[in-house]
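Colleague: need a 3D model of the following:
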Amino acid sequence: MTASEKKEQKKQQKNYRTYFIFLGFTAFLWFALQFSKNYSQEVTFTINYKQIQDQKVIKPASDQNVKMVLEGSGLQLLKYTFFNKTIDLDSRKARYLNDNHAYFTGNSMHDILKTSLGYDGKVSHVFKDSLHIYYDVFQDKRVPLKVNASINYAVGYTSIKGALAEQKDILVTGPKSVLDTLKFISTEELKLNDIKDDFSGLLGISKKSLPDGLSFEKNKVLVNLVVEKLTEGEFQVPITLLNVPKKIRVQLFPKKVGVVFSVTLKDYPKLTALDFSVTANMIKAKPETSSLLLKLEKIPDFVYNARLLEKEVQYVVIK
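Modeller: Residues are numbered from 1 along each chain as shown. The predicted model follows:
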């Protein structure tokens, strides 16, 4: 490259530098001019209530946001366009209708909103005439605890009481209006298959269907399951005849029917045939077959899979 060419290249570089400096300065002046102009802008703020009294909580029905028209320079409004749109309101400055209801209104609300924003421009309009705060009281309540269990036992096994939590209830803390709606608290689901042995373990509290704002004395509870082996038994149970017409006698053949059942080994000695009841009803008699349907009326609570060995009994009418 010759000396004249080098000189020409330096001249061009200088011109480019001058051009970009001028362009940048012009852009700066344009932005400065735009930001210095006054604008009017609608902004919706999420309200964050502060300084709430102890043992109280804000209800969802309270005003959660407020829309305002702000006037000011572009620079003043910039942060409300791109940045945080939350306003902190000191709840102690609200007027109280009663212990559970407070509100902001009028010029005082306007002033409190502007002060809370820390805005140097003008708040020209607030779209709400008043802002209401509804309080609820924080309380403790013991709520019945229910174990959510899905258990499949191995053949010949069962549990008399099923899966039970070590404690019958749990202490819950939260808004009174929410606590009043709670009938019980459920655990997370316990799934067990082909179970033969006892089970003991910790289950978490299920919070899926519960409202927010609740806390528990513990997040997990101990759950126990006692599994027992079953044995089969059989008794010959007398048949009780119902609704026999007057002036006739009915003879049954046979007078007893076999009842088979399953029961735990420890409960088997408690049982007798008298713990079961089998009936036949003359109203449902079948004259063409001289038979009556049998019904197993009474079964002890601790007996499983009880059934009759015969579904019908024969009868003869004696006049």
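Colleague: where does the prediction get shaky in the stretch 1-150 of the chain?
Modeller: Scanning the stretch 1-150 of the chain for pLDDT under 70 picks out the ranges 1-37, 74-76, 82-84.
Colleague: let me redo that: the stretch 201-319 of the chain
Modeller: Within the stretch 201-319 of the chain, no stretch has pLDDT under 70.
Colleague: show me where it has strands.
Modeller: With strands called from DSSP state E, counting those that start in this stretch, the stretch 201-319 of the chain shows them at 215-216, 220-225, 228-242, 249-253, 256-264, 277-281, 291-298, 304-308, 312-318.
Colleague: looking at the ones you listed, which is closest to A165?
Modeller: Of all those, it is strand 220-225 that lies closest to A165, at 5.0 Å by Cβ to Cβ. In this view, the C-beta of every residue, glycine as well, is placed from N, C-alpha and C.
Colleague: in PDB, could you pull the C-alpha coordinates for that closest one?
Modeller: In PDB, the C-alpha atoms belonging to strand 220-225 read as follows (Å, rounded to 0.1, in the frame of the first residue of the first chain):
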ATOM      1  CA  LYS A 220     -46.100 -36.900  58.300                       C
ATOM      2  CA  VAL A 221     -48.000 -39.400  60.500                       C
ATOM      3  CA  LEU A 222     -47.300 -42.900  61.600                       C
ATOM      4  CA  VAL A 223     -49.700 -45.500  60.100                       C
ATOM      5  CA  ASN A 224     -50.100 -49.100  61.200                       C
ATOM      6  CA  LEU A 225     -51.700 -52.100  59.600                       C
END
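Colleague: let's number from 451 now, not from 1
Modeller: Taking 451 as the first residue, the last one we looked at is strand 670-675.
Colleague: so what strands line up beside that strand?
Modeller: strand 614-615 (antiparallel), strand 649-654 (antiparallel) (DSSP bridges).
Colleague: got the contact list for that strand?
Modeller: Contact with strand 670-675 is made by 595, 597, 599, 601, 609, 612-617, 620, 637, 640, 642, 645, 648-655, as judged by Cβ atoms under 8 Å, 6 or more residues apart in numbering.
Colleague: buried ones among those?
Modeller: In the contacts of strand 670-675, burial by neighbour count holds for 595, 597, 599, 601, 609, 613-615, 620, 637, 640, 642, 645, 649, 653, 655, counting by 16 or more other Cβ atoms under 10 Å.
Colleague: returning to that earlier point: reformat the strands of the stretch 651-769 of the chain as a markdown table; add distance to T631 and mean neighbour count.
Modeller: Putting these into a markdown table (distance: least, Cβ to Cβ, whole Å; neighbours: other Cβ atoms under 10 Å) gives the following:
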| stretch | distance to T631 | mean neighbour count |
| --- | --- | --- |
| strand 665-666 | 16 | 14 |
| strand 670-675 | 21 | 17 |
| strand 678-692 | 38 | 15 |
| strand 699-703 | 56 | 13 |
| strand 706-714 | 39 | 18 |
| strand 727-731 | 43 | 18 |
| strand 741-748 | 39 | 16 |
| strand 754-758 | 37 | 14 |
| strand 762-768 | 52 | 15 |
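Colleague: now render those strands as TSV, adding distance to V605.
Modeller: As requested, the strands of the stretch 651-769 of the chain are exported to TSV (distance: least, Cβ to Cβ, whole Å):
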stretch	distance to V605
strand 665-666	38
strand 670-675	17
strand 678-692	9
strand 699-703	35
strand 706-714	10
strand 727-731	27
strand 741-748	23
strand 754-758	11
strand 762-768	30
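Colleague: which parts of the stretch 501-650 of the chain are strands?
Modeller: Under DSSP E, counting those that start in this stretch, the stretch 501-650 of the chain gives strands at 506-508, 515-523, 536-540, 545-548, 551-555, 572-576, 580-596, 599-603, 607-608, 614-615, 619-625, 635-636, 640-645, 649-654.
Colleague: now do the contacts for the residue most central in space within the chain.
Modeller: Closest residue to the average C-alpha location of the chain: S659 at 1.1 Å, with Cα atoms, centre = their mean. Counting by Cβ under 8 Å, 6+ apart, S659 touches no other residue.
Colleague: for Y603, give its distance to E682.
Modeller: Between Y603 and E682 the computed distance is 15 Å (Cβ to Cβ, to the nearest Å).
Colleague: with K591 instead?
Modeller: As judged by Cβ to Cβ, K591 and E682 stand 47 Å apart.
Colleague: and N498, by the same measure?
Modeller: For N498, the distance to E682 (Cβ to Cβ) stands at 68 Å.
Colleague: could you do N488 as well?
Modeller: Separation of N488 from E682 (Cβ to Cβ) stands at 93 Å.
Colleague: same question, I620
Modeller: When I620 is compared with E682 (using Cβ to Cβ), they lie 40 Å apart.
Colleague: got it, and A604?
Modeller: For A604 relative to E682 (Cβ to Cβ), the value is 15 Å.
Colleague: over to F711?
Modeller: Taking Cβ to Cβ, one finds F711 at 7 Å from E682.
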